[in-house]
Each structure stands twice: as structure tokens, then as C-alpha cells.
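Chemist: Could you work out the structure for the sequence below:
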Amino acid sequence: MPDKPLLPQGQELAAPPSFRWVAVSLAVAFLLTLLPWPDGWRWLVPDFTLMALLYWHIHAPRLAPLGAAFGFGLMTDAVRGVLMGQHAVAYTLTAFLAIYLRRRLENFSAPARAVQLAPLFLFKEMLVLALGWLFGGHAADWRFLLAGIVAALLWLPLAMLFDRLAGRPWSESAPSRAVK
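Modeler: Numbering: from 1, shown residues only. Modelled structure (predicted):
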């Protein structure tokens with residue numbers, strides 16, 4: 001007999017998020033990404049839009065499809081005045097990888113999930129830099145890779161905040177799937 005049921009029960013059973021909550025959280029994250037951060041610190045600012053997109057791609061992929069990642073990427077390109085499609089491709093590929101790894105990520109505790117997502121955040125930053133360098137012709141500022149590390153460090157507080165605001169129970173431990 002297992003100590004813990006295989007399926008979540010009672011408080012552990014999370015209500016699905018509403019589309020409105022997903023849309024509002026993505027819009028707020030997009031606005032945070034586009035704030036006029038000081039130029040000296042710009043390379044340390046994580047991509048809040050990508051962080052929110054990845055959160056929803058892991059927890060509610062039907063409410064934030066790949067098209068949302070592409071659309072937010074195009075809006076980011078248009079607002080920042082960079083090569084059109086640069087962020088769209090980076091967001092879409094990173095979101096695809098998160099959806100592909102979704103089942104694996106669900107088996108990790110929240111802190112371990114942040115470690116597992118760190119390569120995705122770095123991948124996005126490297127892809128944006130490489131596309132800008134290849135097609136934009138300007139020198140790449142590799143300091144922007146630190147934004148991927150900052151995003152990985154901020155993943156846990158962001159996940160806690162989203163879970164709390166969405167009414168999901170917060171648990172730092174990995175879901176128990178073991179059967180005696």
C-alpha cells in the first residue's frame with residue numbers, strides 16, 4: 001500500500017488557471033521586460049516575458065501555445081527595434097523545448113526545476129545574440145548571457161508568486177510517484 005496516493009487529493013489538487021489570469025500575467029511580464037532599465041544594468045535584466053511563457057508552457061500549455069511565444073517575440077522585436085524575428089525565433093524554440101521537456105520537469109522539485117531550466121534561459125540569450133550577430137552585423141555583447149543566469153535565479157520566486165496568485169498549492173518537494 002503506498003503511503004501517498006498516486007493522484008493528488010484535496011488541497012494538492014490544483015484548479016486549472018483561467019485564460020484571463022494567463023493573459024494578464026503574460027502582459028505584465030511583457031511590460032516588465034520592456035521597462036526602460038538603466039543602460040549600465042541592462043545586460044543583467046532577465047527576460048520576464050520568457051520566464052512567464054515557460055511557466056505557463058510547463059503548467060498550462062493549452063492556455064499559452066507556441067503561437068503566443070512567437071507573437072510576444074515579434075512584439076519584443078518591434079518595440080526594441082531589433083532584427084524582426086530575432087526574439088520570435090528564440091522564444092518559439094525555447095518554448096518548444098520547454099513543452100518537449102514538460103513531463104520531465106514536472107518530476108523535479110521547484111529548486112531543481114530552476115536548475116533544469118537554466119540551460120533554456122542561456123539557450124535563448126545565446127540564440128538572440130547569435131541571430132543578431134549573423135543577420136544584424138553588429139558585435140555581440142556576451143555580457144547579456146548573464147541575464148540567462150539571473151533568470152534561472154529568479155525562477156523560483158516567480159514560480160512561487162504565480163502559484164500563489166493562481167491559487168495553486170506550493171510545494172518545494174518533487175511529486176511522489178513511488179509505490180511500495
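
Chemist: and the helix or strand hosting residue 49, what's its mean pLDDT?
Modeler: Element membership for residue 49 (DSSP states H and E) is helix 48-59. Here helix 48-59 scores 93 as its mean pLDDT.

Chemist: That one: what's the following helix or strand?
Modeler: Using DSSP H and E, the helix or strand that follows helix 48-59 in sequence is helix 66-80.

Chemist: Tell me the first helix or strand C-terminal of that next one.
Modeler: Where DSSP H and E defines the elements, the next helix or strand beyond helix 66-80 is helix 86-100.

Chemist: If you count contacts, what does that following helix end up packed against?
Modeler: Contacts defined by 3 or more C-beta pairs under 8 Å, 6 or more residues apart in numbering; DSSP states H and E place helix 86-100 against helix 48-59, helix 66-80, helix 110-131. Bear in mind the C-beta positions are built from the backbone N, C-alpha and C, glycine included.

Chemist: Look up how far residue 143 lies from residue 72.
Modeler: Look at residue 72 and residue 143: by C-beta to C-beta, to the nearest Å, they are 24 Å apart.

Chemist: Between those two, which is the more surrounded one?
Modeler: Each of residue 72 and residue 143 has its neighbours counted (other C-beta atoms under 10 Å); residue 72 has more, 26 against 11.
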